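Undergrad: Prediction below, plus the sequence it came from.
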Amino acid sequence: MRLLKYLVIIVWRIWFYCWVIGTIIIAFPILLLVTSKEGLYPYFYKIARFWGKTILFVMGFRCQVKSCQKLDLKKSYMFCANHTSMIDIMLMLSVVKNPLVFVGKAELSNIPLFGFFYKRTCILVDRSSISSRKRVFAEAERRLKNGYSVCIFPEGGVPDDEDIILDQFKNGAFALAIEHKIPVVPMSFYDCKKKFSYTFLSGSPGLLRVQIHEFVETSRFSLLDRKILRDDVFNTIYNDLFTDNKLFKKMP
């Protein structure tokens, strides 16, 4: 019985990679066009949202979003969520209509095909390089000035320890938000780790719940307060995830 379960999971996981790669191959000419100029980025983002929703749908996931505030499509935001899964990106794309630019790990650009468009659309960071982190700050500033939002998973990666609910946040996103006086939008992704973790023989289709918390306005902060802002956002997400985790464990 266990062997059958693992075989089903393996097929399901392969199904995921086939859809991710296959859809990129099919849409390659269009993606090449809409990533050729930054002015076309809003069109790319619409395609990316459709792609994200499609991947979640064919994998048997459905989204449930609760929001404390409504996003203004004409405003820029700093979106910050916990990071536990490969489907975090698809989920973020599905939830947020505002054209946003991801800040992501530079090593992902080495993935065949996916990495080609990843480099053309995301802000890449090598966290081992100080100069790289400075370039990220400058590039994010430029994108914000062009009216886009920025999405950062501020843990800086996926925690190695499965028992860690939320790893410590880096400062960069919060300094950037203060510098440009844009609201920080804390977000909780409750189910991605349970439904599609980086452990290969695990996961299942089902509900992906998202909580968009109250926005944190940054006009009252100075750059010297970036750690206060960081800790405020961290505590909002951590406390929410901790409460949900306790409730989940109590369920029969």
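TA: On my side now, so go ahead.

Undergrad: Residue 94 and residue 55 touch, don't they?
TA: No: counting by C-beta atoms under 8 Å, residue 94 does not reach residue 55; the two are 9.0 Å apart. To be clear about C-beta, it is placed using only N, CA and C from the backbone, and glycine gets the same treatment.

Undergrad: ok, those two, which is more surrounded?
TA: More crowded of residue 94 and residue 55, by other C-beta atoms under 10 Å: residue 94, with 24 against 21.

Undergrad: give me the beta-bridge partners of the closest residue in space to residue 216 that isn't next to it in sequence?
TA: In space, and not counting its chain neighbours, residue 216 is closest to residue 184: 4.4 Å by C-beta to C-beta, 6 or more residues apart in numbering. Beta bridges link residue 184 to residue 78, residue 216, judged by DSSP bridges.

Undergrad: and residue 91, how many residues sit next to it?
TA: Around residue 91 there are 26 residues (other C-beta under 10 Å).

Undergrad: Tell me how far it lies from residue 190.
TA: Using C-beta to C-beta, to the nearest Å, residue 91 is found at 10 Å from residue 190.

Undergrad: Next, show the common contact partners of these two.
TA: Common neighbours of residue 91 and residue 190 (criterion: C-beta atoms under 8 Å, 6 or more residues apart in numbering): 208, 210.

Undergrad: list the helices and strands the helix or strand of the chain with the lowest mean pLDDT packs on?
TA: One helix or strand of the chain scores below all others by mean pLDDT, DSSP states H and E: helix 130-145, with a mean of 80. Where contact means 3 or more C-beta pairs under 8 Å, 6 or more residues apart in numbering; DSSP states H and E, helix 130-145 is packed against strand 100-105, strand 123-125, strand 149-152, helix 172-180.

Undergrad: In it, which residues are buried?
TA: 136-137, 139-140, 143-144 (16 or more other C-beta atoms under 10 Å).

Undergrad: Looking at those, which is nearest residue 198?
TA: residue 136 (23.7 Å; C-beta to C-beta).

Undergrad: Surely the closest one and residue 123 touch.
TA: Yes: counting by C-beta under 8 Å, residue 123 is a contact partner of residue 136 at 5.5 Å.

Undergrad: Just give the number of residues close to the residue nearest to residue 216.
TA: 26.

Undergrad: So which residues of the chain form helices?
TA: Ranges of helices within the chain are 2-26, 28-34, 41-58, 88-95, 114-121, 130-145, 172-180, 192-195, 226-250, based on DSSP state H.

Undergrad: can you list those in TSV and add distance to residue 156?
TA: Formatted as TSV, the helices of the chain follow (distance: least, C-beta to C-beta, whole Å):
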stretch	distance to residue 156
helix 2-26	23
helix 28-34	28
helix 41-58	22
helix 88-95	14
helix 114-121	17
helix 130-145	11
helix 172-180	9
helix 192-195	17
helix 226-250	12
